[in-house]
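Engineer: Sequence and predicted model, in that order:
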Amino acid sequence: MMQVQHAIAALWLTWVVSWVLAAAWADPAQKRADFKAEARYRVLWLAGTVLLFVPAHGYVGRLRLWTPTLAEAWICVALIAIGIAFAWWARLHLGRLWSGTVTAKADHRVVDTGPYRLVRHPIYTGLLVSIIATTAAKGTVGGVAGAALLLVGIVVKARLEESFLRGELGPAYDDYARRVPMLVPFVPA
């Protein structure tokens with residue numbers, strides 16, 4: 001099981017480092033949501049991340065909800081990798097329009113191709129798959145609580161982005177939102 005935990009840690013660490021380094025090739029923001037609006041989701045993300053990544057290897061106390069088999073744990077590792085790959089596909093497809101904060105770039109436009117034809121926020125969709133798989137591999141109350149906080153934080157940020165993009169892009173974004181679901185592919189928008 002320790003190899004599984006190392007694989008999970010390596011996947012997340014690789015994602016974080018590569019994500020931060022890739023921020024250098026994003027275009028500068030022309031307009032940004034205010035700090036107060038962004039603080040809500042950031043607090044949820046911080047608390048959720050801490051709870052999700054509290055080490056649980058070998059823990060057998062009352063806060064352990066389930067223990068996955070080795071095969072189930074490796075399936076979770078594969079799902080984490082798939083979720084991260086989906087998030088990277090979305091980020092690469094968005095290109096220089098990507099931002100870690102809620103912003104508008106010069107020549108900002110609706111992107112509705114690639115993963116953005118499946119969901120409006122594919123980066124979050126990929127991360128949610130990875131978060132849920134991490135939680136399933138951990139099987140602890142802390143993992144479940146962390147995943148719940150991260151889910152709420154992602155929805156809060158996605159809604160903030162939606163409101164911001166509607167203000168910046170107007171009817172083009174409204175049309176996109178009517179056609180494409182927010183986070184879960186293949187469900188009615």
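Structural biologist: Happy to help now that I have it.
Engineer: Mind giving me the packing neighbours of the lowest-mean-pLDDT helix or strand in the chain?
Structural biologist: Taking mean pLDDT, DSSP states H and E as the measure, the chain has strand 29-32 as its least confident helix or strand, at a mean of 82. In terms of contacts (3 or more Cβ pairs under 8 Å, 6 or more residues apart in numbering; DSSP states H and E), strand 29-32 is packed against strand 103-105. All C-beta atoms are positioned from the backbone trio N, CA, C, and that covers glycine.
Engineer: May I have the strands that pair with the least confident helix or strand of the chain, each with its orientation?
Structural biologist: Each strand pairing with strand 29-32, determined using DSSP bridges, is listed with its direction: strand 103-105 (antiparallel).
Engineer: any idea how far the partner strand is from the chain center?
Structural biologist: With Cα atoms, centre = their mean, to the nearest Å as the basis, the distance from the averaged C-alpha position of strand 103-105 to the chain average is 19 Å.
Engineer: Now whatever helix or strand comes next after that strand: average pLDDT?
Structural biologist: Downstream of strand 103-105, the first helix or strand assigned by DSSP states H and E is helix 122-138. Across helix 122-138, the average pLDDT comes to 97.
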